[in-house]
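1. Sequence plus the predicted model coming up.
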Amino acid sequence: MIRAVLLSTVAVLATAAPAAAQDEAAARRILERTPLIDGHNDLPWALRQQHGNDPHAVDLTTNLDASTALHTDIPRLRAGGVGGQFWSVYVPASLEPVEAAKATFEQIDTVKRLVAAHPDVFELATTADDVERIHAGGKIASLIGMEGGYSIDDSLGLLREFHDAGSRYMTLTHSKTTSWADSATDAPKWGGLNAFGEEVVREMNRIGMMVDLSHVSEETMLDAMRVSEAPVIFSHSSARAVTDHPRNVPDAVLRQMAEDGGVVMVTFVPGFVNAADNDWIKAVTAEGERLGVDLNAAEPDPAILAWVEANPRPATTLQHVVAHIQHVRDVAGIDHVGIGGDFDGVGRLPEGVEGVDAYPRILAALMANGWSEADIRKLAGENVLRVMRAVEAAAAAKGGDRPNLAKLPEAGAPE
């Protein structure tokens with residue numbers, strides 16, 4: 001049954017391919033002049049988990065699609081026309097904050113070692129001008145994005161050190177609510193940001209670090225947009241009106257993006273872009289709980305395997321991704337949409353979007369739907385570069401301000 005579903009989906013994609021294929025060459029030509037900047041790639045974490053945190057332990061100069069589980073390698077980055085990549089320096093929210101800080105610095109080191117391992121391909125970037133210069137020189141601009149505000153261990157001093165080490169955005173939360181910001185996927189404590197959380201945002205403005213609202217609750221989104229004097233980003237989120245998942249951005253927030261000036265970088269995670277896949281995940285989770293089995297076990301329980309065979313996972317395709325990009329454009333406007341794939345951060349990807357070579361296919365599908373070259377340029381990289389420059393300008397305007405010395409109060413969350 002699973003094979004039948006996959007074959008039928010491939011047949012649909014094959015039928016649609018000729019219409020989109022005519023635009024792929026045009027998309028590639030656009031990306032020669034405009035850097036495609038992806039907001040979120042978890043290759044550093046995949047290297048940590050699968051390859052001893054050593055960029056030399058796997059040959060990234062070869063196409064690794066068939067030989068590894070990695071979504072990213074240099075041939076596929078080149079085929080995808082990637083001009084700038086925010087490498088995520090994610091560490092789990094389950095770590096104690098001091099351990100998270102240590103591990104995050106280690107992941108920053110991993111990115112720098114990755115760049116040093118392939119100096120003919122990558123170059124570290126910290127500004128919009130860097131990105132454009134590096135792309136013009138034929139290399140891939142490598143930027144660093146922190147994922148999870150717990151890594152600063154409630155210290156604005158540590159926040160500044162992460163910025164000095166090269167981090168240019170910080171996702172305020174990950175899967176768990178922090179001591180100062182509510183997560184989208186955990187019980188709320190603060191109704192958004194608490195007073196210290198607002199100071200974190202202000203200090204990010206002062207030092208020139210983008211405020212990333214992927215993973216946060218809607219209340220945190222609205223609080224951060226209210227407090228921030230610079231545009232915000234969503235480094236890897238999709239549209240909640242298309243797929244009702246708490247990780248996605250609601251229309252009420254999308255409608256405020258024009259005033260905020262920020263950008264929502266649409267992600268490719270099947271559960272976030274396909275409502276049927278999201279429902280399937282909920283159903284298999286409920287079945288696992290009913291059976292009392294560990295869905296993450298190395299050897300899947302036979303009862304779960306039987307359930308999956310009887311209830312195959314719905315297909316997610318490139319067109320699901322396109323629908324989210326289109327919705328963000330329709331509601332927020334063409335100036336406020338970007339791309340943040342989450343490659344190497346998930347175990348499953350949509351058909352047609354299996355690796356970092358997928359971007360021209362996505363852009364071609366949009367062009368087949370009537371997107372102009374100017375539209376594609378904005379989506380690919382111009383919107384993100386504009387936000388980066390606005391954040392840099394806001395920091396420059398605060399150049400005479402002293403570092404923020406705010407501390408988190410001793411009192412815990414309200415009962």
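-> Yep, that arrived. Computed from a predicted model, the values in this text were never measured in an experiment. Residues are numbered from 1 along each chain as shown.

2. now the strands: where do they sit in the stretch 201-350 of the chain?
-> Listed in chain order, the strands of the stretch 201-350 of the chain (DSSP state E, counting those that start in this stretch) span residues 210-212, 233-234, 263-266, 337-339.

3. out of these, which comes closest to Leu305?
-> strand 263-266 (32.7 Å; C-beta to C-beta). C-beta here means a position set from N, CA and C on the backbone, and glycine is covered the same way.

4. Need the residues that contact that closest one.
-> 38-40, 231, 233-239, 249, 254, 257, 321, 324-325, 328, 332, 335-340, 383-384, 386-387 (C-beta atoms under 8 Å, 6 or more residues apart in numbering).

5. Can I get that strand in CSV, CA atoms only?
-> C-alpha atoms of strand 263-266 as CSV (Å, rounded to 0.1, in the frame of the first residue of the first chain):
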residue,chain,number,x,y,z
VAL,A,263,10.2,38.2,6.9
VAL,A,264,8.6,34.8,7.3
MET,A,265,11.0,32.1,5.9
VAL,A,266,8.7,29.2,4.9
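
6. about what we covered before: quick check: which of the strands of the stretch 201-350 of the chain is buried the most?
-> Of all the strands of the stretch 201-350 of the chain, strand 263-266 carries the top mean neighbour count, a mean of 32, counting by mean count of other C-beta atoms under 10 Å.

7. Need the phi and psi values for Asn41.
-> Here is the backbone geometry of Asn41 (degrees, to the nearest 10): phi -140, psi 130.

8. Tally up the residues packed near the residue nearest to it when sequence neighbours are not counted, please.
-> Nearest residue to Asn41 in three dimensions, chain neighbours excluded: Phe343, at 5.0 Å (C-beta to C-beta, 6 or more residues apart in numbering). Counted with other C-beta atoms under 10 Å, the neighbours of Phe343 add up to 29.

9. And for the one 3 residues further on?
-> Taking other C-beta under 10 Å as the criterion, the count of residues near Val346 is 17.

10. Over to it: give its phi and psi.
-> phi -140, psi 160.

11. ok, now the one 4 residues further on?
-> For Pro350, the backbone dihedrals are phi -60, psi 150 (criterion: degrees, to the nearest 10).

12. which residues touch it?
-> Counted by C-beta under 8 Å, 6+ apart, Pro350 has contacts Phe268, Pro270, Val273, Asn274, Thr316, Thr317, Leu318, His320, Val321.

13. Closest one to Ser217 out of the residues you listed, please.
-> Val273 (20.1 Å).

14. and the closest residue to Gly81 other than its chain neighbours, how many residues sit next to it?
-> Excluding the flanking residues, the one nearest Gly81 by C-beta to C-beta, 6+ apart is Leu31, at 3.4 Å. Neighbour count of Leu31, defined by other C-beta under 10 Å: 22.

15. ok, Leu31 touching Tyr359?
-> Yes: if you go by C-beta atoms under 8 Å, Leu31 and Tyr359 touch, sitting 7.4 Å apart.

16. what touches both of those two?
-> Gly81, Ala380.

17. for the chain, where's the lowest mean pLDDT among helices and strands?
-> helix 2-33 (a mean of 62; mean pLDDT, DSSP states H and E).

18. Surely the residue nearest to Asn41 touches Leu43?
-> Yes: under the criterion of C-beta under 8 Å, Phe343 makes contact with Leu43 at 7.4 Å.
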